[in-house]
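[1] Predicted structure and sequence below. I'll ask about it afterward.
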There are 2 protein chains.
Amino acid sequence: MTIRVLLADDQALVRGALATLLDLEPDMTVVGEVGRGDEVVAAAQEHRPDVVLLDVEMPGLDGIGATAALHEVLPDVRVLIVTTFGRPGYLRRALQSGASGFVVKDTPARQLAEAVRRVHSGLRVVDPALAADSLAGGDSPLTARETEVLRAARQGGSVADIARAVSLSEGTVRNHLSSAIGKTMARNRADAVRVAEESGWL
Amino acid sequence: MTIRVLLADDQALVRGALATLLDLEPDMTVVGEVGRGDEVVAAAQEHRPDVVLLDVEMPGLDGIGATAALHEVLPDVRVLIVTTFGRPGYLRRALQSGASGFVVKDTPARQLAEAVRRVHSGLRVVDPALAADSLAGGDSPLTARETEVLRAARQGGSVADIARAVSLSEGTVRNHLSSAIGKTMARNRADAVRVAEESGWL
DNA sequence: TGCACCGGCTGACAAACGTCATGGGTATGC
DNA sequence: GCATACCCATGACGTTTGTCAGCCGGTGCA
């Protein structure tokens, strides 16, 4: 019995390469390819795959959101997340969304097919090095408002700009920023944004 | 006569997938794979490839630097740059470094082999959409020092930190930053970093 | 009923930041 | 020779930022 695989990656070159790689395996067939996150569910309904390979960074809807949407419509489909950078926060959120596996693109190509097989058989596949980082990174210490304000601060505007974006007073924004800076152990607003982004808290 | 190809990409999964993809072509052989930019020259000297496929983002030495180093030691080797994002500045710098082609990872997988063939036969391969952006983005208006200071500002440190990193006085750093902010039409140091990064000036 | 916590706001203040004027040094080009 | 541009530095300035204290309202919990 062959494993039916659906591929979702925004980089056509990578997507095609992975497709040929997996199609060479005797027990697998790539039944579909999409380049956008919001096309995943429709493609899955059409092609009925056993395993879906999802990139985290995609236009329309990111891998996390696509996993959640997929898990709701087709609960039996296994999801294997493949991503470029091993952001600790991604792993946690991906597993919470219902993903069965998490593989970084640094892993050898031969292990990908094996990961697909494991996921298909119901096992969880998690990059060991990444799992350690995930525990170290932990849950976000930021409150909802702090994350929102910090997210708005990414564009590099002034406090007044941020206040306008989130509809708060400037003083409140400064307080939230100060709190976020303290929690991330950063020295700056910009530094806090950097730290929070790298920890997957935004 | 088969085309000998050397692959350089830090993502093992992508690298392996591209290798199988190109190895399927009857007129190509992948003679080597490396995951770091500073291993490219040594691998090229050992395996004598006709074409080297280089990713821009690599540890040790980036694709631009690797191209320059390669061009100096082995001038006959053709270089085809493959990158994730089509930053306008990359294209310009890559061609200046001696690259023969520039392909973004959004291009269909089938066109990659064709691009390799064209580069091998002495033609230049440039993504059309990217070429337009490159002209729009234009040359960096920043001076050497301004770029250096702005690069040091990416970590999110204070002026004192930056001054220590680049061995300048704090006042001078502020002047360079102010100039860079003006040239990028940003409102902030953080904003200037963002703009310069997106324009490929760092 | 208290207590702790989060959200929101204000006011104040020291530190950091961005800007400007000014000076001198060097290399490039007409 | 002279203009131009870049680099380095200093001092001064007004603004922005980060921090702190205090106050109020709402929520969840012992």
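    Good, I have the coordinates.
[2] Let me see the domain layout of chain A.
    A:3-137, A:144-198 (automatic domain parsing).
[3] wait, does the longest one contact chain B?
    Yes - between domain A:3-137 and chain B, judged by Cβ under 8 Å from any Cβ of the partner chain, the touching residues are A:10-21, A:24, A:82, A:84, A:103-110, A:112. All C-beta spots, glycine's among them, are computed from the backbone N, C-alpha and C.
[4] The residue of chain A found nearest DNA strand C and A:Ala69: what is the separation?
    Nearest residue of chain A to DNA strand C: A:Gly171, at 2.4 Å (Cβ to the nearest atom of the strand). Per Cβ to Cβ, to the nearest Å, A:Gly171 is found 39 Å from A:Ala69.
[5] So for those two, which sits in the more crowded spot?
    The neighbour count for A:Gly171 versus A:Ala69, taken as other Cβ atoms under 10 Å in any protein chain shown, is higher for A:Ala69 (18 against 10).
[6] can you list contacts of the helix or strand harbouring that one?
    Assigning secondary structure by DSSP states H and E places A:Ala69 in helix A:63-73. Where contact means Cβ atoms under 8 Å, 6 or more residues apart in numbering or on different chains, the residues beyond helix A:63-73 that reach it are A:8, A:37-38, A:40-41, A:44-45, A:52, A:54-58, A:61, A:77, A:79, A:81, A:83, A:90, A:93-94, A:97-99.
[7] after the helix or strand of chain A with the lowest mean pLDDT, next one along is what?
    Every helix and strand in chain A was compared by mean pLDDT, DSSP states H and E; the lowest is helix A:128-137, with a mean of 53. Using DSSP H and E, the next helix or strand after helix A:128-137 towards the C-terminus is helix A:144-152.
[8] picking up where we left off before, ranking the domains of chain A by mean pLDDT, which is last?
    Lowest mean pLDDT within the domains of chain A: domain A:3-137, a mean of 84.
[9] Run through the residues that contact A:Ala17.
    Contact partners of A:Ala17, counting by Cβ under 8 Å, 6+ apart, are B:14, B:17-18, B:20-21, B:109.
[10] which residue sits closest to it, ignoring its sequence neighbours?
    Spatial nearest neighbour of A:Ala17, excluding adjacent residues (Cβ to Cβ, 6 or more residues apart in numbering or on different chains): B:Ala17 at 3.5 Å.
[11] returning to that earlier point: quick one: which of the contacts of A:Ala17 has the most company?
    Counting neighbours by other Cβ under 10 Å, B:Leu18 comes out on top of these with 30 neighbours.
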